[in-house]
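Student: Quick one, fold the following:
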Amino acid sequence: MLSFSRPARIFLADEHPIFLAGLRFCLADQSNMIVVGEVHSSADLARVVEKAAPDVAVVGEHFNGVSVVESLLNDLPALRILVVAEERDNARAHRLLAFGVRGYVLKQSPGSIMCKAIATVLRGGCFLDSVEPVPLQAGGRRAAVLTEREQEVLRLIALGFSIREAAERIGITAKSAETYKMRASAKLSIDSRQQIVQYAITRGWFE
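Tutor: Model (predicted):
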């Protein structure tokens, strides 16, 4: 989680220069954020972003019709990415979140939503703009009651922390954290990080 002892470093990437100009103007009013770079070409995107060393990269979902988000996360897995999408696509948003994206914002949303999304990502959370939650499986076991510790571990995993990192934040051993995860997963009948993220969405843990 970022310390707010300095302005947060924000990088902007979108194929439309006019959109970038408007976004840069919007962020200029935020005293706790500073734009450290921007590009409107996907060429060498990972190299340019890595050199800028941002706290959050706001990335347009498509460059010339091709998504660059997955390749960017493959190159820079620790990067906090907030995706800007042309239109709402619930399934796509959930897939991106499960893949490691920290936020999903629609281009038609007001600037205040973008600022809120960036602030949420900086605090270590995830932000979904106008995306419907994944419904619970009919007749499934997801109504099972989790213990407080099981919820803590699952929530941190959904937020992108590893078992070891989750254990350190809670103050338990990695072995204990793994046990809590296994118990919770068994109760909920889930077996992947994507399903954990989807469960977290239904519980409102990203709000």
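
Student: and the most centrally placed residue in the chain, how far is that from residue 10?
Tutor: Nearest to the mean C-alpha position of the chain, counting by C-alpha atoms, centre = their mean, stands residue 102 at 0.8 Å. According to C-beta to C-beta, to the nearest Å, residue 102 stands 13 Å off from residue 10. From N, CA and C alone the C-beta is placed, and that goes for glycine too.

Student: so what's in contact with the two at the same time?
Tutor: Overlap of the contact sets of residue 102 and residue 10 (by C-beta atoms under 8 Å, 6 or more residues apart in numbering) consists of residue 56.

Student: thinking the residue nearest to the centre of the chain is in contact with residue 81, fair?
Tutor: Yes - counting by C-beta atoms under 8 Å, residue 102 touches residue 81, with 6.1 Å between them.

Student: Mutual contacts of the two, please.
Tutor: In contact with both residue 102 and residue 81: residue 56, using C-beta under 8 Å, 6+ apart.

Student: who are the neighbours in contact with the residue nearest to the centre of the chain?
Tutor: Residue 102 sits in contact with 56, 80, 81, 82, 121, 125, 126, 127, 160, where contact means C-beta under 8 Å, 6+ apart.

Student: Which of these fall in strands?
Tutor: Among the contacts of residue 102, DSSP state E puts 56, 81, 82, 127 in strands.

Student: What's the ChimeraX line that selects buried ones from these?
Tutor: Burial among the ones in strands among the contacts of residue 102 is assessed by 16 or more other C-beta atoms under 10 Å; the matching ChimeraX selection reads:
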select :56,81,82,127
